[in-house]
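# Next comes the sequence, and after it the predicted model I'd like to discuss.
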Amino acid sequence: MTKTLLTYMNNSELSRLIAHFFSRPVLEDIARRGSANLVGCELAALGVSSGNSQPRAADLFEAAFATLSRSYRCEYVYKAAIANRIVCGRHSPRTASLAMELGVASSIADVVVFNGTSTAYEIKTEYDSHRRLSTQTADYLRAFDKVYVVTHPELATHYANLTDERVGILSLNGKNQFSEVRPATADISRLEATTVCRMLRQNELMSAVQQYFGPQPTLPNTHIRRYYSELFCQLENARVHSALVSAFRKRTTTNEMADFITKMPPSLRALAFATPLSRPQRQRLLEALATPLSKIKSPTVCL
């Protein structure tokens with residue numbers, strides 16, 4: 001990538017390249033290296049600048065995200081808004097958990113928030129197709145209390161007409177603020193225990209069953225999942241939903257994880273929820289993001 005080539009690229013093309021930096025592999029690489037100099041060099045080569053002579057990587061990520069919000073409102077912009085406005089704004093990372101790309105039946109939910117209840121968010125940007133929306137939302141209605149489609153303001157009415165009336169519609173404006181076009185219908189009576197059961201890890205499934213049925217016999221490893229699944233599917237829906245919410249909240253609402261999420265730059269909080277890191281890796285990541293980057297003499301050599 002040369003300066004000459006950059007001059008021939010429009011804002012949308014540059015923004016698409018910048019969007020690739022908001023990914024788990026990039027965050028994992030910084031956490032592993034304990035340095036963000038390489039990423040900083042690459043972002044600078046794409047023309048990202050925080051206005052400081054020696055910025056921190058956190059500053060460059062914030063500037064990069066601002067570029068996406070203006071020029072390329074991709075799926076990650078919506079995910080970041082959910083993390084910041086809903087989990088870290090309306091709720092708290094100490095009480096609410098966020099899961100990204102969560103498998104549900106034959107679909108994958110873009111974002112699910114677990115606080116006192118469960119809410120799935122299917123993101124449909126102006127670049128997306130509605131082709132699988134009906135099957136996606138049908139799967140989510142089998143597993144979560146509330147389901148929303150989140151989209152561009154100009155597409156909100158279109159998606160309201162396409163979706164089940166039980167599905168809510170949210171629009172995200174240019175300031176990354178949400179407006180509720182149609183509320184979601186909360187209803188755990190429609191949940192299917194078999195669908196929820198497959199979303200739980202084995203230890204979470206065993207804990208839920210033992211909570212309601214008491215201690216269970218010791219079983220061979222090859223029989224545990226099937227045995228506990230059969231018992232779980234005998235639970236009433238209120239307990240099925242409670243087990244789901246409890247399991248996912250426990251995954252990320254520890255004090256240590258909540259502190260980590262809070263300290264991350266807002267642009268990276270959604271990724272922080274989604275990227276599995278050890279305690280030392282989280283600390284290295286925070287330090288790398290907060291450390292002023294080494295001066296970049298020739299950013300064009302980075303790409």
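The structure has been received and is ready for your questions. Residues are numbered from 1 along each chain as shown.

# Toward the C-terminus from the helix or strand hosting Glu13, list the very next helix or strand.
Here Glu13 sits within helix 11-19, counting by DSSP states H and E. Note on helix 11-19: by DSSP H and E, the next helix or strand toward the C-terminus is helix 24-33.

# Surely Ala44 touches Ala63?
No: in this structure, Ala44 is not within contact of Ala63 by Cβ atoms under 8 Å, at 10.2 Å. C-beta coordinates here come from the backbone N, C-alpha and C atoms, glycine included.

# Thr119 looks like it's in a strand, true?
Yes: according to DSSP: H, G, I helix; E, B strand; the rest coil, Thr119 belongs to a strand.

# Can you get me a residue count around the residue nearest to it when sequence neighbours are not counted?
Distances taken as Cβ to Cβ, 6 or more residues apart in numbering place Lys146 nearest to Thr119, at 4.4 Å, with adjacent residues excluded. Other residues near Lys146 number 21, with proximity taken as other Cβ atoms under 10 Å.

# And the contacts of the helix holding Glu13?
6, 43, 46-48, 64, 67-68, 70-72, 74, 76 (Cβ atoms under 8 Å, 6 or more residues apart in numbering).

# farthest pair in those residues?
Spatial extent of the contacts of helix 11-19 (Cβ to Cβ) is set by the pair Leu6 and Tyr76 at 22.0 Å.

# picking that back up, report the buried residues of the helix holding Glu13.
Buried residues in helix 11-19, counting neighbours by 16 or more other Cβ atoms under 10 Å, are found at 14-15, 17-19.

# which intervals of this protein have sub-threshold pLDDT?
1-10, 295-303 (pLDDT under 70).

# Domain ranges for it, per the record?
Domains of the chain are assigned by automatic domain parsing as 3-72+256-302, 97-188, 191-252.

# Just the buried ones from the contacts of helix 11-19?
Looks like the contacts of helix 11-19 have 6, 43, 46-48, 64, 67-68, 71-72, 74, 76 buried, using 16+ other Cβ under 10 Å.

# Counting neighbours, what do you get for the residue lying closest to Ile188 once chain neighbours are set aside?
Nearest residue to Ile188, sequence neighbours excluded (Cβ to Cβ, 6+ apart): His241, at 4.5 Å. For His241, the neighbour count with other Cβ under 10 Å is 21.

# what comes up buried for whichever strand or helix holds His241?
Per DSSP H and E, His241 falls inside helix 237-252. Neighbour counts using 16+ other Cβ under 10 Å place 240-245, 247-249, 251-252 of helix 237-252 among the buried residues.

# any residues touching it, and which ones?
The contact list for helix 237-252, computed with Cβ under 8 Å, 6+ apart, reads 93, 95-99, 112, 114-118, 143, 145, 188-189, 191, 193, 196, 199-201, 204, 207-208, 211-212, 232, 235, 258, 261, 273.

# Please produce a ChimeraX select command covering the buried subset of these.
ChimeraX command restricting the contacts of helix 237-252 to the buried ones, with burial defined by 16+ other Cβ under 10 Å:
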select :93,96,97,98,99,112,114,115,118,143,145,188,191,193,196,199,200,204,207,208,232,235,258,261,273
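
# Which ones among the contacts of helix 237-252 map onto helices?
193, 196, 199, 204, 207-208, 211-212, 232, 258, 261, 273 (DSSP state H).

# Please produce a markdown table containing those residues, extended by distance to Ser129.
Below are these laid out as a markdown table (distance: Cβ to Cβ, whole Å):
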| residue | distance to Ser129 |
| --- | --- |
| Ala193 | 32 |
| Val196 | 28 |
| Met199 | 25 |
| Glu204 | 34 |
| Ser207 | 39 |
| Ala208 | 37 |
| Gln211 | 42 |
| Tyr212 | 42 |
| Phe232 | 35 |
| Ala258 | 36 |
| Ile261 | 32 |
| Phe273 | 26 |
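
# Kind regards, and thank you for your time.
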